[in-house]
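Engineer: fold the following for me, if possible:
(one chain, ligands or ions: 2)
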Amino acid sequence: MAIKSKTIYVCSSCGFEAAKWYGQCPGCGEWNSLTEKMKISGNSQNKSNITIESAYKLSEISHIKEHRYYTGISELDRVLGGGLVKGSIALISGDPGIGKSTILLQACENFGRQLSILYVSGEESPHQLKLRADRLKVSTGNLKIFCETDTERLCEYIKTEKPGLVIIDSIQTMSISEISSSAGSITQVRESASLLMRTAKYEDIPIIMVGHVNKDGNIAGPKVLEHIVDTVLYFEGERNLSYRILRAVKNRYGSTNEIGVFEMGENGLAEVPNPSLMLISGRPKNVPGSCVVCAMEGSRPILAEAQGLVTQTGFGTPRRMATGFDYNRLSMLIAVLEKRAGYFLGNMDCYVNIVGGLKIDEPAADLSVALALISSLKDAVIREDAIAFGEIGLAGEIRAVSTCEQRISEVLRLGFKRCVIPQNNMKNISNNAKNSLDIIGIKTIRDAFDAVSI
Ligand code: TYD
Ligand code: MG
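Structural biologist: Ligands and ions are numbered 1, 2, ... in the order given. The predicted model follows:
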């Protein structure tokens, strides 16, 4: 193919490309940010270089088991898919103050036993990091702190020193001097990240990058950052609660949707080995509007408390609010409750809250949320030792859920006595489970409510 080049104008702030020059960037609204560039299209490679040998049969490619480094924090290792893979790039992201720097520094203690670490900090001074490391009891001799914000200088340092692992806290503080926009802008983040990645992949050095989130909850900087890295981890949690949930949203080396649960304390983040117990302890007793939900988080069933509150609307349109549960799903549930199950919520405000900062987006939680709302509407208490799960369809039917056996074993482990499940799941339940737990199969929302209410 012939090589074609044409002039384009690229915004130095957001990366917007235009065919002609504008005083104001149509992409981000920045003034005087468009600069002229040559865009080369076509294949510049000599055709004779491309031979049929450059494609491999899958069966001919030898199997290499990836080498992994362990963080020593089992919840973090789990989220990474069983440790950090050599040569991989991970991005860890979350709100400010949620604990990103803390968990990385804590992981350095065990990483330091396996390799040499370069901790690049553009946000904190070496003294601040030392103070924090003392508090976290991190005393590894294999950790070097490097306060550098110039990406090119950092890459040079990596090439000569060849550390075993590079931690970058954060990618938004890194910049390339040739690019005129300020550090943290989309172009800077994208270019710095790709330069670092090229260096790391070439040297086979794993990198962990911290990425800030912006107001919308997205990782600040281009979405392309999430596409090019191997693993993306999100730290979630309410700032005023001490619980933190680390979630893998992308992982080329393991399962996604695995979560790790932590608690922030005086000595940093501590693992919570039994999250279900933590999430359902402290439930109010004999109060309407509370029902336990069972959601699968990766390979683990997790129990949490779903709370519902239904009150008369003051005036105008009724309010609907959901915390930790999808708002649109709540609207659908309310519509089904009205039209198919005969619970009138049209002039009622409805609030749903999943306690503990957990975000549930599994259809199996539908039934518990609906039961919590009905319980509040009717002022009828749900049995403390009962739990329900099932997906609610638009016809008001309760549909089967996946991995029912695993959920039931968790329910048993936490000492519940009654478990209300979709009728269609009943055929797969072992006699053993049936003997130790009062398992009731139901087809409608009303049946479910009768089975769990006192
Ligand atoms: P940090 O890891 O600095 O957050 P990020 O890097 O995500 O911005 O966490 C800072 C918060 O954690 C801060 O509000 C104080 C709290 N914290 C503790 O409660 N205990 C501790 O031992 C540490 C190190 C931090
Ligand atoms: Mg930090």
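Engineer: how close does residue 452 sit to residue 35?
Structural biologist: According to Cβ to Cβ, to the nearest Å, residue 452 and residue 35 sit 64 Å apart. For every residue, glycine as well, the C-beta is placed using N, CA and C.
Engineer: go on, residue 56?
Structural biologist: 41 Å.
Engineer: show me which of those two is the more surrounded one.
Structural biologist: Counted by other Cβ atoms under 10 Å, residue 56 and residue 35 do not tie: residue 35 has more neighbours, with 13 against 9.
Engineer: quick one: strands adjacent to the strand or helix carrying that one?
Structural biologist: In the assignment (DSSP states H and E), residue 35 maps to strand 34-41. Within its sheet, strand 34-41 is paired with strand 4-11 (antiparallel), according to DSSP bridges.
Engineer: for the record, mean pLDDT for the partner strand?
Structural biologist: On average, the pLDDT along strand 4-11 is 80.
Engineer: likewise stretch 447-454?
Structural biologist: In this model, stretch 447-454 has a mean pLDDT of 93.
Engineer: and the pLDDT at residue 262?
Structural biologist: At residue 262, the model reports a pLDDT of 91.
Engineer: what pairs with it across the strands?
Structural biologist: Beta-bridge pairing for residue 262 (DSSP bridges): residue 244, residue 271.
Engineer: quick thing: my sequence starts at 15, can you match it?
Structural biologist: Sure, I'll start counting at 15 from here, so that last one is residue 276.
Engineer: burial measure for it, as a count.
Structural biologist: What residue 276 shows, counting by other Cβ under 10 Å, is a neighbour count of 25.
Engineer: and if you look at the one 4 residues further on?
Structural biologist: Using other Cβ under 10 Å, residue 280 has 6 neighbouring residues.
Engineer: same deal with residue 412?
Structural biologist: Residues within reach of residue 412, counting by other Cβ under 10 Å, total 27.
Engineer: so it belongs to a strand, correct?
Structural biologist: Yes: Residue 412: assigned to a strand according to DSSP: H, G, I helix; E, B strand; the rest coil.
Engineer: now do the contacts for it.
Structural biologist: Residue 412 makes contact with 381, 404, 405, 406, 436, 437, 456, 457, 458, 459, 462, according to Cβ atoms under 8 Å, 6 or more residues apart in numbering.
Engineer: and the second one, its phi and psi?
Structural biologist: The phi and psi values for residue 404, taken as degrees, to the nearest 10, are phi 160, psi 150.
Engineer: that one: neighbouring residues, count only.
Structural biologist: Counted with other Cβ under 10 Å, residue 404 comes out at 30.
Engineer: so it touches residue 411, yeah?
Structural biologist: No: distance between residue 404 and residue 411: 9.4 Å, which falls outside the contact criterion (Cβ atoms under 8 Å).
Engineer: right, I'll call it a day here.
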